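Q: I need the structure of the sequence given here:
(chains A and B)
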Amino acid sequence: QKEVEQDPGPLSVPEGAIVSLNCTYSNSAFQYFMWYRQYSRKGPELLMYTYSSGNKEDGRFTAQVDKSSKYISLFIRDSQPSDSATYLCAMSVAGGFKTIFGAGTRLFVKA
Amino acid sequence: ETGVTQTPRHLVMGMTNKKSLKCEQHLGHNAMYWYKQSAKKPLELMFVYNFKEQTENNSVPSRFSPECPNSSHLFLHLHTLQPEDSALYLCASSQDQRQGRNYGYTFGSGTRLTVV
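A: Below you'll find the model as predicted:
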């Protein structure tokens, strides 16, 4: 079993739709949860960061962590064509240098 | 640029060549990383340096040799690579995470390596 599972997609939605991206994980020791956005021919860019359980909102983006289910989500409201990218979930334990990444979900937002 | 600069952006090399990838950050971070990104696979951690000291070597073949002369610069020396080493090589930096907190990484744009 992989430590982090993420559906690779691709996921195609119309402009304005609400997008839900998800990851599951197996290591209950993970405490830091992140979402990165990666545009084509670019490196990943940190989008959202969450510590432990709960929700975090930043503009059109909401990150949710459910540690009891080992499940994290990223919601994008009012999606735009500029949101078309690959979204990577990532997580780590405290005090270490190893961040484990999902394989990424490719998102297309059609105008 | 994101604050982490990688050169070159593209590299084509033969299996007998020797080349080096360079990474530079001016964010005041103390930790630097090399990751390998292959199509449809998760990022693979290769090496970690914290305050210039190597803290992780994730069972990387010896044909990849890292060097960290200071907290702002990181190199990846390549020699006698195989075609399966073709990938996007990403450099990243972060604050020292030994204190327990992970605030995420800043990545460079990567070097697209093709081994022929």
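
Q: which residues does A:V65 bridge with?
A: A:G54, A:I72 (DSSP bridges).

Q: my guess is it contacts A:S52, does it?
A: Yes: using C-beta atoms under 8 Å, A:V65 is in contact with A:S52, at 6.9 Å. For every residue, glycine as well, the C-beta is placed using N, CA and C.

Q: tell me the contacts of whatever residue of chain A ends up closest to chain B?
A: Proximity of chain A to chain B (C-beta to the nearest C-beta) peaks at A:G43, 3.4 Å away. Going by C-beta atoms under 8 Å, 6 or more residues apart in numbering or on different chains, A:G43 touches B:2, B:4, B:6, B:90, B:92, B:107-110.

Q: residue of chain B nearest chain A, please.
A: Counting by C-beta to the nearest C-beta, chain B gets nearest chain A through B:F107, at 3.4 Å.

Q: rewinding a little: settle it for me: which of A:V65 and A:S52 has more neighbours?
A: Ranked by neighbour count (other C-beta atoms under 10 Å in any protein chain shown), A:V65 and A:S52 place A:V65 first, with 22 against 11.

Q: mind listing what that one touches?
A: A:33, A:50, A:52-55, A:71-72.

Q: quick check: beta-bridge partners of A:V19?
A: Bridge pairing for A:V19 (DSSP bridges) gives the partners A:I76.

Q: was I right to think it contacts A:S73?
A: No: A:V19 lies out of contact with A:S73 (C-beta under 8 Å); the separation is 10.2 Å.

Q: more crowded one of these two?
A: Neighbour totals were compared for A:V19 and A:S73, and A:V19 leads with 19 against 16 (other C-beta under 10 Å).

Q: what sits against the more buried one?
A: With C-beta under 8 Å, 6+ apart, A:V19 has these contacts: A:11, A:13, A:74-76, A:79, A:83, A:107, A:109.

Q: pLDDT below threshold where in chain B?
A: For chain B, applying pLDDT under 70 flags the ranges B:1-2, B:99-100.

Q: what does chain A put close to chain B?
A: Applying C-beta under 8 Å from any C-beta of the partner chain, one finds that chain A approaches chain B through A:2, A:4, A:8, A:32, A:34, A:36, A:41-46, A:49, A:51, A:88, A:90, A:92, A:94-104.

Q: just the strands in chain B please.
A: In chain B, the segments counted as strands under DSSP state E are B:4-7, B:10-13, B:18-25, B:31-37, B:44-50, B:53-57, B:64-70, B:73-79, B:87-94, B:106-107, B:111-115.

Q: now mean neighbour count too, for those, in CSV please.
A: Output for the strands of chain B, formatted as CSV (neighbours: other C-beta atoms under 10 Å in any protein chain shown):
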stretch, mean neighbour count
strand B:4-7, 19
strand B:10-13, 14
strand B:18-25, 18
strand B:31-37, 24
strand B:44-50, 21
strand B:53-57, 13
strand B:64-70, 15
strand B:73-79, 19
strand B:87-94, 24
strand B:106-107, 22
strand B:111-115, 18
